[in-house]
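generate a structure from the sequence data that follows.
(2 chains)
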Protein chains: 2
Amino acid sequence: MHGGRQEGKGVMLNPVTAEFTSQLQRLLPAAAFPELSDKYLTEPRGYYQGSAGLLVAPESTAQVAQVIAAAAAARIGVVPYGGGTGLVGGQILPESKNGAPSPLILSLGRMRRIRARYPEENVLVAEAGAVLAEVQQSAADVDRLFPLSLASEGTAQIGGLLATNAGGVNVLRYGMARDQVLGIEAVMADGRIFNGLQRLRKDNTGYDLRHLLIGSEGTLGIITAASLKLAPRPQSEGTALLTVESPSAALDLLGRARGLLGESISAFELISGQGLRFLAETHPQMRQPWSSPPNWSVLLHLGLSNGTGAEQAIETLFEQASDLIRDGVIAQSAQQAQDLWSLRETIPLANRAIGAICSSDISLPLSEIAGFIAKMPAMLARFGDLRINCFGHLGDGNLHYNLFPAEGVPASNYRDMRADLQAEVHRLTHELGGSVSAEHGVGRLKVADIARFGDPVKLQLMRQIKDTLDPQGILNPGAVLPPRAA
Amino acid sequence: MHGGRQEGKGVMLNPVTAEFTSQLQRLLPAAAFPELSDKYLTEPRGYYQGSAGLLVAPESTAQVAQVIAAAAAARIGVVPYGGGTGLVGGQILPESKNGAPSPLILSLGRMRRIRARYPEENVLVAEAGAVLAEVQQSAADVDRLFPLSLASEGTAQIGGLLATNAGGVNVLRYGMARDQVLGIEAVMADGRIFNGLQRLRKDNTGYDLRHLLIGSEGTLGIITAASLKLAPRPQSEGTALLTVESPSAALDLLGRARGLLGESISAFELISGQGLRFLAETHPQMRQPWSSPPNWSVLLHLGLSNGTGAEQAIETLFEQASDLIRDGVIAQSAQQAQDLWSLRETIPLANRAIGAICSSDISLPLSEIAGFIAKMPAMLARFGDLRINCFGHLGDGNLHYNLFPAEGVPASNYRDMRADLQAEVHRLTHELGGSVSAEHGVGRLKVADIARFGDPVKLQLMRQIKDTLDPQGILNPGAVLPPRAA
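Take a look at the predicted model:
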């Protein structure tokens, strides 16, 4: 467990020692030291194996501050751990080749209180460890909507969702995780507590540290609580699965729908025929609306606050876009809506069951998407037969462009091409003005990508800010930032 | 013009010299050096008189970079100047007691191009000097809405609006200036160009420098262009002026209206009887709907995208909130809507004509507003007779709480109390969890206020970031940041 050292600002980090462990044990009660189970050392897709370290789970912001201050004094790396659902390795510090880094693994899971609710203000204050589904429920209990929603909402925690600026299915209407936040509380790299937990819609008193910390993936500070915006609950909701000729037709439909229905469209998800075929193969019990999967379909969700019924609004869209919509199913009940959503939400599980060669989380300017989807297969042709499952949050310009082996071919046959395939997808994305990480973040998986594709001045500025706010580099070492130039 | 020196990071800034002027004149064409007129040295409320310096107006981002690099090399302070409509002195560097600072005054006014429009993506890319009204018009020309809107929109420029994170009348629905921005381009304190001008809805590739620069009031970098979000244009709009018993009833009405109409309410403005009396006194030609001004009224604006007409929606609200609404006028035409808005928009002019002792731009948690308005007069009683005009963006919790002399008493009688009056308003605001600068920013007027009321860790972090990104302190010296501790 000793001897592992990682790069900080010209200094090396120390591993957790028995002495450091005893020191923390004197500071915090025994409950703050749960057993280090395997879940803290692996991530959903199995890309990383974490270095075992000391797991500590404080129950208050003051305790987090004590822990970080101790880690800073001992120059020990701290890996913040929320729900563990991240897909880019941000929550896992792998063993290094020169020995184990043995970091402090800081779980926020015991800080899961809803500190306060102000329904008349549309505000809820939650601690970092609160699970998203519980926050949604707490808002619903006072007849409000907390709109952040994604497949892992039963596990993902507020702190991690904000640290990674998570996206999900309601971004089109409500924005990213950062857009749901009025204020945050955070512990900085030296143990200072930043109290920015106001619940104001407007506050122009200096630099917006909230947005700097949100999306910094635990490399600048540890978010311990947030005051979150709630929204009125739509009075009428509607869901439809509509088949279209092509991604281009889907985008035309999006424009038509926004013209007709404005911001009331909360989700506009693209589903490919390949995705539905994977679903049929891996989840044969799941009923699909069509006997033969259409090449392209769109899942649309609508929430209206006033008079008009959502079903009726969708029917109007159906009529006014009959040139674009080939076929469609409009949910006639909450159960039917749920079933349609299950199709969409199960696609990632089907993908995992099939076994991807590589996955992408890219975004593109809306007007470049159809071109991207059209061009990409030819650019990948030299790699041989592949199956492509391209799906995602079309309304936000966010595609998950995942590559799979040809039928019957083992994924291991493609092992050597994986990096090149990924690079090809990212290269065209970048050429078209897109981003190689739309909603999952950089973590450890995409550090090289942002070094390659990011604006050089942006990277320099990030490094300057990191070095100022965390001069020893103890916060989530190895995540987000490309290594400093030698 | 010499000898003025200001504080940077332990170093003093230099004044513009004849040598420096010649150097810039060799770098840039003659058109970049307009005459320094008085508008660059005064601000709307006359609080500051600027130190004359060298006015330079580049026409490209590359020229801005050249100018800043030269200023950095010569260690000369740079004051960015947009439309000049700021109300907190952010655009004016006053003469110092130890002599003239003689800064470089950097006008963005010649960089006013709309670089591109992507109506199908709901994106418009504008340069910093583009005037807000022109950007709104450019969006309207492609059937889109750029929702940022405020009284000074005919003069205010995009760069300044973003640098100060301006608010305005549509924040309730569309958010602050920062919420309208997908990407920015900026010149940093050493002349490096940060290219973050993407037009993506989702981009999680590292720290969000966009939000750090927005609202930093030109102290961290000079915003030179932005890609802006457009929204669909509402299909039906409605405006109503409704009288209510009290601020508390107005807030109940807001809750009721949001429950019924959701996010379609774009403005919910509080107007006091005092405001209407000032209007009657200073703008007697303006028709007011009531012979005797009601103590409290609310101007509501609604935009709907689907079937239902906005007028009908307001009538439904009128019926369902008949216990809260005492009387009301629903605009029956665009002209009537315009007339109702004119009442609201002219109140600041009436205030100026009457002559305030002091003005505030505060925000409060919604549930504290009624208490604030109820308590404040008693706390001010010891200062003698005052007239209070409390109005503003109630839906955002943002009040302009302005104090005026008793009728017939000259404002000069109150001169000595001004600071104490202001402090009293800010003290109660702070006690109730509010902000002493909601939408106007800190500028130079409120530096002491954020030093007094701000979170100390936040102030330390701001100083750390400033010192890293602008180590010489050349960018907008004296604005936003409290002076460093001795």
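
now the strands for the stretch 251-400 of chain A?
For the stretch 251-400 of chain A, applying DSSP state E, counting those that start in this stretch gives strands covering A:265-272, A:296-304, A:325-330, A:362-363, A:386-393, A:398-405.

quick one: the fifth one to strand A:398-405, angle?
Just to be clear, that refers to strand A:386-393. 160 degrees (axes from the mean of the first three to the mean of the last three CA atoms, to 10 degrees).

list the helices and strands strand A:386-393 packs on?
Judged by 3 or more CB pairs under 8 Å, 6 or more residues apart in numbering or on different chains; DSSP states H and E, the packing partners of strand A:386-393 are strand A:265-272, helix A:273-282, helix A:334-354, helix A:366-380, strand A:398-405. From N, CA and C alone the C-beta is placed, and that goes for glycine too.

how does it look with 6 Å?
Judged by 3 or more CB pairs under 6 Å, 6 or more residues apart in numbering or on different chains; DSSP states H and E, strand A:386-393 is in contact with strand A:265-272, helix A:273-282, strand A:398-405.

of those, give the one that comes closest to chain B.
Of all those, it is strand A:398-405 that lies closest to chain B, at 5.0 Å by CB to the nearest CB.

any residue of the closest one up close to chain B?
Yes - interface with chain B: strand A:398-405 contributes A:Asn398 (CB under 6 Å from any CB of the partner chain).

equivalent analysis for stretch A:47-62, please.
No - with CB under 6 Å from any CB as the criterion, chain B is not reached by stretch A:47-62; the gap is at least 12.2 Å.

identify all contacting residues around that stretch.
Stretch A:47-62 is contacted from outside by A:16, A:21, A:32, A:34, A:36, A:40-41, A:64, A:67, A:89, A:92-95, A:100-107, A:109-110, A:224, using CB atoms under 6 Å, 6 or more residues apart in numbering or on different chains.

then it to CSV, C-alphas only?
Only the C-alpha atoms of stretch A:47-62 are listed here, as CSV (Å, rounded to 0.1, in the frame of the first residue of the first chain):
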residue,chain,number,x,y,z
TYR,A,47,-12.9,0.3,-17.8
TYR,A,48,-11.0,1.0,-14.5
GLN,A,49,-9.9,-0.9,-11.5
GLY,A,50,-9.4,1.5,-8.6
SER,A,51,-6.5,1.5,-6.2
ALA,A,52,-7.6,0.5,-2.7
GLY,A,53,-7.3,3.3,-0.3
LEU,A,54,-9.0,4.6,2.8
LEU,A,55,-12.8,5.0,2.5
VAL,A,56,-14.2,7.8,4.6
ALA,A,57,-17.9,8.8,4.7
PRO,A,58,-18.4,12.0,6.7
GLU,A,59,-21.9,13.0,7.8
SER,A,60,-21.5,16.7,7.7
THR,A,61,-19.9,19.5,5.8
ALA,A,62,-17.7,20.3,8.8
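
and it, what's buried?
In terms of neighbour count (16 or more other CB atoms under 10 Å in any protein chain shown), stretch A:47-62 has its buried residues at A:Tyr48, A:Gly50, A:Ser51, A:Ala52, A:Gly53, A:Leu54, A:Leu55, A:Val56, A:Ala57, A:Pro58, A:Glu59, A:Thr61.

redo those residues as TSV? Include pLDDT.
Shown next, in TSV, are the buried residues of stretch A:47-62 (pLDDT from 0 to 100):
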residue	pLDDT
A:Tyr48	91
A:Gly50	92
A:Ser51	91
A:Ala52	91
A:Gly53	93
A:Leu54	97
A:Leu55	98
A:Val56	98
A:Ala57	98
A:Pro58	98
A:Glu59	98
A:Thr61	98
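
from those residues, which land in strands?
Secondary structure defined by DSSP state E assigns A:Leu54, A:Leu55, A:Val56 of the buried residues of stretch A:47-62 to strands.

tell me the bridge partners for the first one.
To tie it back to what came earlier, the one meant is A:Leu54. A:Leu104 (DSSP bridges).
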